[in-house]
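A.B. asks: after the sequence you'll find the predicted model.
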Amino acid sequence: MRAAAFSELTGPEGVRIVDRPTPDPEHGEAVVDVEACAINRHDLWILEGDSAMVDADDLPFVSGLDVAGTVRAVGEGVTDVAPGDEVVLCPNETCGRCRFCREGPENLCESFSLYHGGLAESARVSADRLVRRPEGVDATTAAALPTAYVTAYRMLQRAEVGAGDLVFVPGATGGVGLAAIQLADVLGARTVGTSSSASKLDRVASLGLDHPVHGEDPEELRGAVEAVGTPDAVVNHLGGPYTELGMDVLRRGGIMTVCGRTAGGRSTFDVADLFLNHKRIVGSTMGTQGDLETLVDLVAFGDLDPEIDGTYPLSETADAFAAMRDRETVGKLVITA
Ligand SMILES: NC(=O)c1ccc[n+]([C@@H]2O[C@H](COP(=O)([O-])OP(=O)(O)OC[C@H]3O[C@@H](n4cnc5c(N)ncnc54)[C@H](OP(=O)(O)O)[C@@H]3O)[C@@H](O)[C@H]2O)c1
Ligand SMILES: [Zn+2]
């Protein structure tokens, strides 16, 4: 089988198409013929050498978390899925033994890790991490869900977003950002979101963003967001200076959830404003397999239509990463078989 492997951690030009033996499933495993695998900034960071998870000793490395396809074979002891089943993978890797695995939510597992290996024609996975795709949920659409949409969904839950709330999403055009806009809409909330690109914002407005704010300088964005209203919640995947912006505009008692650091791994904010106004900052990573099942159902019911900006054949994986790096895209990019 072919795989798109990272041979050097120097950016998109480090992707090489390589031949690998088609895997056989071991006990408890399944091999999935990959029809679609979405890419995330997480993969791009690995490819750029900016992830503690992968270093030169791990090369060549096959990344790719968001696998959707059809089960080709199952190993001993697997009874829940069978060859021919149409599935999407929950990429969570958990120990199954710690208190968070026992009591939930599982994404707090003390040994939490993520599956990598979907940028290939076949993927060997833990069979109990496969979620069935009902009729009408195609592989490309399903592949958008496991990382970006699950993360955004859990962030909205942790920010206690409900009907009528105003949710602020700095960087509303990417995977997590647009997922937060669409899922806030599903929850009956209103949204204010930003982008450096007016044309990308127009597209996101057509997909449900209520109040587009064009710009990139946090100082300039502040007034425009305040003119819309006082957000009840902030979904922050950018970090850096956007954390202070989010905290400043957040209402008294409001909640900011943080999952990323695209704009910087360090943030400052007004400590007195935090405690005097009873604001909360909540860290959040991924979500649960149950969250993924919920989102698959939302797609099947027609309540959620994840935005796919483009599909790329496996041989053009490097081009997909270049488009992500160059901030050309709205929503998700998916590598297809
Ligand atoms: N903890 C978790 O479980 C988890 C899960 C998923 C993602 N994440 C994190 O969440 C973040 C988003 O991931 P993603 O896959 O959604 O990425 P993505 O699709 O590449 O996100 C693109 C968005 O980020 C904005 N952006 C890109 N570079 C920027 C910069 N230098 N300054 C300000 N805005 C910038 C873009 O704004 P423009 O429209 O202006 O170009 C666009 O809105 C990443 O930090 C990722 O690691 C964390
Ligand atoms: Zn655990």
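C.D. replies: Great, that's in hand. Ligands and ions are numbered 1, 2, ... in the order given.

A.B. asks: ligand 1 contacts on the stretch 101-250 of the chain?
C.D. replies: 147-148, 151, 171, 173-177, 195-197, 200, 216, 237-238 (CB under 6 Å from any ligand atom). Placement of C-beta: from N, CA and C, glycine included.

A.B. asks: any idea whether the nearest residue to residue 144 once chain neighbours are set aside is helix, strand or coil?
C.D. replies: Once flanking residues are discounted, residue 144 sits nearest to residue 306: 3.8 Å by CB to CB, 6 or more residues apart in numbering. Of the three states, residue 306 takes coil under DSSP: H, G, I helix; E, B strand; the rest coil.

A.B. asks: do residue 110 as well
C.D. replies: Under three-state DSSP, residue 110 falls in the coil class.

A.B. asks: need the residues that contact the host helix or strand of residue 154.
C.D. replies: Using DSSP states H and E, residue 154 maps to helix 150-158. Here helix 150-158 makes contact (CB atoms under 8 Å, 6 or more residues apart in numbering) with 90, 105, 107, 167, 176-177, 179-180, 183-184, 187, 189, 233, 235, 237, 255, 257, 259, 282, 284-288, 291-292, 294-295.

A.B. asks: okay, and which of those map to strands?
C.D. replies: 167, 233, 235, 255, 257, 282 (DSSP state E).

A.B. asks: hmm, which of the residues you listed are the buried ones?
C.D. replies: 167, 233, 235, 255, 257 (16 or more other CB atoms under 10 Å).

A.B. asks: which one of those sits closest to residue 310?
C.D. replies: The shortest approach to residue 310 among those belongs to residue 235, at 23.7 Å (CB to CB).

A.B. asks: ok, now which ones touch that closest one?
C.D. replies: Taking CB under 8 Å, 6+ apart, one finds 152, 155-156, 159, 167-169, 176-177, 180, 184, 257 in contact with residue 235.

A.B. asks: and which of the residues you listed is nearest to ligand 1?
C.D. replies: Nearest to ligand 1 among the contacts of residue 235: residue 176, at 3.7 Å, using CB to the nearest ligand atom.

A.B. asks: contacts only, for the closest one.
C.D. replies: 148, 151-152, 155, 235, 237, 259-260.

A.B. asks: let's go with 7 Å and repeat that
C.D. replies: 148, 151-152, 237, 259-260 (CB atoms under 7 Å, 6 or more residues apart in numbering).

A.B. asks: and the stretch 1-150 of the chain, which residues reach ligand 2?
C.D. replies: Counting by CB under 5 Å from the ion, the residues of the stretch 1-150 of the chain close to ligand 2 are 94-95, 98, 101, 109.

A.B. asks: looking at the stretch 1-150 of the chain, which residue is nearest ligand 1?
C.D. replies: residue 41 (3.5 Å).

A.B. asks: would you mind measuring from residue 140 to residue 305?
C.D. replies: Between residue 140 and residue 305 the computed distance is 12 Å (CB to CB, to the nearest Å).

A.B. asks: ditto for residue 259
C.D. replies: Applying CB to CB, the value for residue 259 to residue 305 is 22 Å.

A.B. asks: kindly report the same for residue 121.
C.D. replies: 27 Å.
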